Structure formats: C-alpha cells, structure tokens
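Student: Take a look and give me a structure for this.
(2 chains)
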There are 2 protein chains.
Amino acid sequence: MKTAYKTLQKLLSKQGFGRESHVLIGEMFSAAGNELTKCQRLPLISMVEGKSYFSFESPSGLRSRPVNIELFEPKPEISFRVFQDILEGNRHQWKAADITKSLYSVALTCCAAIDVLSASDRKTQGTIFEWLCAAVMQATLKVVPARSLVVLNLDLKGNLPTDFVFDLGSEKPKFHLPVKTSTRERIIQVWAHQRVLDGVYGVGRFLAMPMILTETKLDTKKLEVTEICLPWQWRLYQMHIANLWNVCYLDAPEAYLKLDSVFPRVGVVTIGEMLASGGRLDELLRAHGLSD
Amino acid sequence: MKTAYKTLQKLLSKQGFGRESHVLIGEMFSAAGNELTKCQRLPLISMVEGKSYFSFESPSGLRSRPVNIELFEPKPEISFRVFQDILEGNRHQWKAADITKSLYSVALTCCAAIDVLSASDRKTQGTIFEWLCAAVMQATLKVVPARSLVVLNLDLKGNLPTDFVFDLGSEKPKFHLPVKTSTRERIIQVWAHQRVLDGVYGVGRFLAMPMILTETKLDTKKLEVTEICLPWQWRLYQMHIANLWNVCYLDAPEAYLKLDSVFPRVGVVTIGEMLASGGRLDELLRAHGLSD
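Tutor: Numbers count the residues shown, from 1 in each chain, chains lettered A, B, ... in the order given. Here you go, the predicted model:
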C-alpha cells in the first residue's frame, strides 16, 4: 500500500491527474483492498438513524474509521469498474446511486487501509481523498486544476493559495473545490475562502463545490458512531458569509441533505446526484452550452 | 500540575473567571513552574530574526514548545506579581513591555509544563491559555464573558456559539475574543466568525480582538524555530471578509506587526500595548466614556 502510494505521489507531482495516473490509482486501490482482506470486520453501534457502520480491525488491533455498510461495495472489482468508467469520462453510463457507492467504496478502502497500517497517520488519508476527487473532476470537466490564483489589484500583487480550481474558460463557470474527509466546525473556512474569491474576483465568478467524504465520528471506547452536523451554523454561513454552489457528500448526513429543500437553502447532494446524467453538474453545464 | 489544573477546571465550571479563580490560577502557575525546574533548557536554532528560543526538556526526554528568551521572565515571582496586579484591575501600574513579558511568561510556563508532562496532549494547553486570557479580560473589562449569542431573526431562532464575548452594555462596545495558542491558516475562521457577527448583528456591533500566544513552529529534528506567517492573506481577509479591530500577540511576529502601519491596515499589537495605560484599549474606552 505504502509503495503504491509513493509511486502515485511521484507521478502526480510530475504529470498531475491525467490518464497516466489512473493505472497507478488502480494499483493503490488494489493494494489497499489487499490490506483490508487481512482485517476483521468489527460491528459498531450506529447512533445515526438509518445507517449501519463497521470498522476494519487489523491483526495487530488497529481499527479503521467507520464504514457505511449500505454504501460499501464488498466486491472491489464492481466499485472499480464504475470508478474507471468515470475516470474515462463515461460517468453518464451509471446511475447516481452506483456512482456514490463506487466513489465511497474506493475512497473508504484507501483511507481505511492507511488507518489500519498506521495509528498516528492522519494526513495521508486526506491527501489520497484529494487525489481521488481531483482525478474524478479532471476526467469530468476535462481541464487541469490549479492550486493558486493570481491577484492583481491596484498596487496589490500576489498569489492566493486555493483548493482545487477548475476553470472552464473565459465567460464559463470556474469551480472551487475544497476536498475534506470531514469538516465539523472547520467548514466555516470553505465559506470564508469563497467570500475572498467573491471579493477579489467578483460574486458568482467561482462556484464552490466542496467534496466531503463523511461527518461520522467514532467513540473508540463505546464503539459508537455519530454524525457531527451543524445545520444551523451552515445556514448562517450561507446567509452571511458567502453562497456555496453545492456541497457534495459521499456519505451524506441527512441533517445536511434537508438543507437542500428549505429556505434559506444550502445546496447539498450526494456525489452521484452531482455527477449522474441530468444531475446538478449537467444542468449547469447545459445552461452554459457545455454539455457533452 | 494536573491536580491544580483539575481543581481550577472544577471551580471555573461553577463560578467562572472571578476573584475566586485567581488563587487557583496562581497555584496552577506555581505547580507548572515546579515541573519546569526538573527540566533542562535545550538551546534551539532560531530562524526568526531578532528572537532567540529554547525548549524545556524533561528527564524522560519530552520537550516543550519554543520559549522566547527575551520574553520569558526567569523569576516566576516577578511575572506573577505583574499578572496578579492585572487580575486585580491594576494593569495601569505597569508598562506595556512588563505586561507582555508577564503574560507571556505565565502562559508559556503553564503550556510548557503540559508539553513536558504528556507527549500526546495538545488540547489542555489551548484550554489553559483560554482561561488565562478570559481571566485577564474579565478583570480588565469588569464583565463576565458569554460563550454564545442569541439569534432572533424573523423565523430563524437559535444560539450561535462564539468565542468569548464581553458585552459592555447597550450602545457600548462588545468585544469578540477568539483565543488561540497559534493560528496559521486557521486564522481565516476568526475573520469568518466576525463576518457572521457583522451580518447577524450589524457591522461594527462587535469588535474582534483575537489573543494569540505565538506563531512559532519547532522542527523537532533540526531543532529549528520558525514563525509561520501569512501577512498577504491577512490583508485579503481584512479587505474581503470582515474588519478585525485589533489582533493581540504575546510573542508578536514582526511580519504581522508591520501590518499595523501600512494601508490597507490590519491592527496588530502586543498584549502590553493593548492593555497598558493609554494603550489601544484605553483609547477606545475613553472614546466611549468608559475609562477608569
């Protein structure tokens, strides 16, 4: 797993998230799956209504983050087939639920493998999740993401570091994609960054589309899984800081999905509902004459 | 040290930061000082111009965060005497430099003692620093801080969690005090929270006054101390997210102090320059007929 990670890291630093990276992403996923076959499945007590979770437990007793049973495809070849189609630009062949399940399974497999390999590592998982999301969005939007933007504003000149930015060109949408394995109260940063983009480049110039894995939290003593959600704060942020276009989840909390259909609204969808045929991304691209 | 911490914690949860807490804060400081007498001073390589640092190293090899030699008063009775005067509301007896040195020494002693007692603890230090700042500001402003605000806004009702809020009364300044041992890129949260307060209650209703210990970072292998500063981002945040009243530092980075005197300006001062006689706080209080 760690060898596959490092090989991929080296390639990405040189060549980015293009086709060459897809093979190595596949190899990393396969290595991660191998790690997990050595693990047992430890049932967890779910405090989240309608969802069940387990943890992978390694022979040495290290446990993974919670895995959503309904979203986790037990056969890696199935989830990887959907994933590969998405990477080849063929996301429209699959239904929203299949896309969500595939991306959740690939991401969770890679993150859980790192969890059970190293108790102290909390960074690698976030990096891998960023890579997966960047690869998916580059394949989908067919542009290479940037990680910073130039600011030229009277006597102020400089580089503004950003999350992934996918720029579809002049007078076309520009997407700002913060990628997080979970957010809790740190989510306010996403609204704040959007506010800076609105201020520097103009409101509506960048569409914020955070991609978030899950909001689960595991109490390691009680083996209880909860979801940490702050829907009330989200609405205040959406009203008073900036407007996020749509927040995408792989394991979407019900408390946030509800915000999608109330006023004042925060758009929240599963990644499948974002990417599937006729989904939220297609709607936007069509409105700009960019549908494929 | 841990006993003193827990005794203080229990009292604070019942009675807050009033006079009763001052004795226990003194006992915690004294216990922390005792822990540090068991430690050696390990010289560090300072990459910060004009500042020198060392670490306390416990007999078992645990090392503290960097300590600024010029700001750290070697005699605890001296720094505590100034600190006690401040807690008794007599801050005007001391010069800015004495106040900064005293508060830095008290805070650093307590945080460093936890550092050398427990390698994994990263939360207690932040909690202690919050307590010290809250006690100082309650003694200075003579009001009890709140930790949340009520939002009543058409059909939206709820409680907004905040950092410490000191409300001097109707038509008087209300201070919002985020307290952090260091900030790095997380500082954007402070601007974002200010933006929410501006939006919900009106611009200028709350004055943001973050209190920050230091921005040092220790490379534990090379034993090098650096300061992580993002002055360019601070200016963008100040222009595009919200306006912070004044940022207070105990160990102030030069890169941020410079922002105090350029346009667009971010007010940055040492805690001594904030609290000393005729300092920035006095200026504001006098303008509102609140000077003592």
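Student: Work out for me the element A:V225 sits within.
Tutor: Using DSSP states H and E, A:V225 maps to strand A:224-227.
Student: Need the CA coordinates for that strand. CSV is fine.
Tutor: What follows is strand A:224-227, C-alpha atoms only, in CSV (Å, rounded to 0.1, in the frame of the first residue of the first chain):
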residue,chain,number,x,y,z
GLU,A,224,-20.5,4.2,18.9
VAL,A,225,-20.7,6.1,15.6
THR,A,226,-22.3,9.6,15.5
GLU,A,227,-22.5,12.2,12.8
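Student: which bits of the stretch 51-200 of chain A sit near chain B?
Tutor: Within the stretch 51-200 of chain A, the positions near chain B by C-beta under 8 Å from any C-beta of the partner chain are A:151, A:156, A:158, A:160-161, A:185-186, A:188-189, A:191-193, A:195-196, A:198-200. For the C-beta atoms, the positions are set from N, CA and C on the backbone; glycine is no exception.
Student: cutoff 10 Å now
Tutor: With C-beta under 10 Å from any C-beta of the partner chain as the criterion, the stretch 51-200 of chain A comes near chain B at residues A:120, A:151, A:153, A:155-161, A:185-200.
Student: Does A:K51 fall in a helix, a strand, or a coil region?
Tutor: coil (DSSP: H, G, I helix; E, B strand; the rest coil).
Student: That one: neighbour count?
Tutor: Neighbourhood size, A:K51 [other C-beta atoms under 10 Å in any protein chain shown]: 19.
Student: and if you look at the one 4 residues further on?
Tutor: Using other C-beta under 10 Å, A:S55 has 23 neighbouring residues.
Student: do the same with the one 3 residues further on
Tutor: Burial of A:S58, expressed as a neighbour count using other C-beta under 10 Å, amounts to 19.
Student: leaving aside the residues next to it on the chain, what's closest to it?
Tutor: Leaving aside its sequence neighbours, A:S58 sits nearest to A:V116 (C-beta to C-beta, 6 or more residues apart in numbering or on different chains; 4.0 Å).
Student: Name all residues that make contact with the nearest residue to A:A96 once chain neighbours are set aside.
Tutor: Take A:A96 and drop its neighbours on the chain: the residue closest to it by C-beta to C-beta, 6+ apart is A:G272, 3.4 Å away. By C-beta atoms under 10 Å, 6 or more residues apart in numbering or on different chains, the contact set of A:G272 is A:82, A:91, A:94-104, A:248-250, A:252, A:279.
Student: what about 7 Å?
Tutor: A:96-100 (C-beta atoms under 7 Å, 6 or more residues apart in numbering or on different chains).
Student: of those, buried ones?
Tutor: Among the contacts of A:G272, those classed as buried by neighbour count (16 or more other C-beta atoms under 10 Å in any protein chain shown) are A:96, A:98-100.
Student: before we move on, the earlier item: so of the contacts of A:G272, which ones are in strands?
Tutor: Under the assignment DSSP state E, those contribute nothing to strands.
Student: Please produce a markdown table containing the residues you listed, extended by pLDDT and distance to A:L8.
Tutor: Conversion of these to a markdown table gives the following (pLDDT from 0 to 100; distance: C-beta to C-beta, whole Å):
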| residue | pLDDT | distance to A:L8 |
| --- | --- | --- |
| A:A96 | 98 | 28 |
| A:A97 | 97 | 28 |
| A:D98 | 97 | 25 |
| A:I99 | 98 | 22 |
| A:T100 | 98 | 23 |
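Student: In helices, which of those fall?
Tutor: A:96-100 (DSSP state H).
Student: Going by distance to chain B, which of these wins?
Tutor: Nearest to chain B out of the ones in helices among the contacts of A:G272 is A:T100 (C-beta to the nearest C-beta; 29.4 Å).
Student: how about the strands in chain A?
Tutor: Shown for chain A, the strands assigned by DSSP E span residues A:40-43, A:45-46, A:53-57, A:67-68, A:146-153, A:156-167, A:174-177, A:179-180, A:206-208, A:211-212, A:216-219, A:224-227, A:247-249, A:268-270.
Student: residues in contact with the second one?
Tutor: Outside of strand A:45-46, the residues that reach it under the criterion C-beta under 7 Å, 6+ apart are A:52-53, A:222-225.
Student: which of the residues you listed lies closest to B:P231?
Tutor: A:V225 (41.7 Å; C-beta to C-beta).
Student: For B:A31, see how far away that closest one is.
Tutor: Plainly put, A:V225 is 38 Å away from B:A31 if you go by C-beta to C-beta, to the nearest Å.
Student: Between the two, which is the more surrounded one?
Tutor: Between A:V225 and B:A31, A:V225 has the larger neighbour count (other C-beta under 10 Å), namely 24 against 18.
Student: Any idea how many residues pack against the closest residue to chain B within the stretch 51-200 of chain A?
Tutor: Per C-beta to the nearest C-beta, A:G199 is where the stretch 51-200 of chain A lies closest to chain B, at 2.9 Å. A:G199: 16 surrounding residues under other C-beta under 10 Å.
Student: Spit out the contact partners of it.
Tutor: Counting by C-beta under 7 Å, 6+ apart, A:G199 touches B:239-240.
Student: who touches the residue sitting nearest the centre point of chain A in this structure?
Tutor: Nearest to the mean C-alpha position of chain A, counting by C-alpha atoms, centre = their mean, stands A:M211 at 3.6 Å. Listed by C-beta under 7 Å, 6+ apart, the contact set of A:M211 reads A:133, A:177, A:179, A:248, A:271.
Student: And for A:A31?
Tutor: A:A31 neighbours (C-beta under 7 Å, 6+ apart): A:1, A:4.
Student: Kindly confirm whether my reading is correct that A:T214 touches A:S182.
Tutor: Yes: using C-beta atoms under 7 Å, A:T214 is in contact with A:S182, at 5.9 Å.
Student: Tell me which of these two has more neighbours.
Tutor: More neighbours surround A:T214 than the other of A:T214 and A:S182, with 27 against 18 (other C-beta under 10 Å).
Student: Chain neighbours aside, what residue packs nearest to A:L36?
Tutor: Leaving aside its chain neighbours, A:L36 sits nearest to A:F56 (5.4 Å; criterion: C-beta to C-beta, 6+ apart).
Student: ah, wrong one, I meant A:A192
Tutor: Among residues not flanking A:A192 along the chain, B:A192 sits closest, at 3.7 Å (C-beta to C-beta, 6+ apart).
Student: can you map out the helices along chain A?
Tutor: A:2-15, A:19-37, A:76-87, A:96-117, A:124-141, A:188-201, A:231-240, A:254-257, A:271-275, A:280-287.
Student: how about the ones you listed, which one is nearest B:S170?
Tutor: Taking C-beta to C-beta, helix A:231-240 is the member of the helices of chain A nearest to B:S170, at 22.9 Å.
Student: hmm, that closest one in reach of chain B?
Tutor: Yes: if you take C-beta under 7 Å from any C-beta of the partner chain as the test, helix A:231-240 does meet chain B, through A:232, A:236-237, A:239-240.
Student: my guess is A:M28 meets A:A4, correct?
Tutor: Yes: A:M28 is within contact range of A:A4, at 4.1 Å (criterion: C-beta under 7 Å).
Student: Would you list the buried entries among the residues of the stretch 51-200 of chain A next to chain B?
Tutor: Buried members of those, scored by 16+ other C-beta under 10 Å, are A:160, A:187-200.
Student: from the residues you listed, which is closest to B:L42?
Tutor: B:L42 has its nearest neighbour among those in A:Q189, at 34.7 Å by C-beta to C-beta.
Student: In contact with the nearest residue in space to that closest one that is not next to it in sequence, which residues?
Tutor: In this structure, A:Q189 finds its nearest non-sequential neighbour in B:I188, 5.5 Å apart by C-beta to C-beta, 6+ apart. Counting by C-beta under 7 Å, 6+ apart, B:I188 touches A:189, A:192, B:237.
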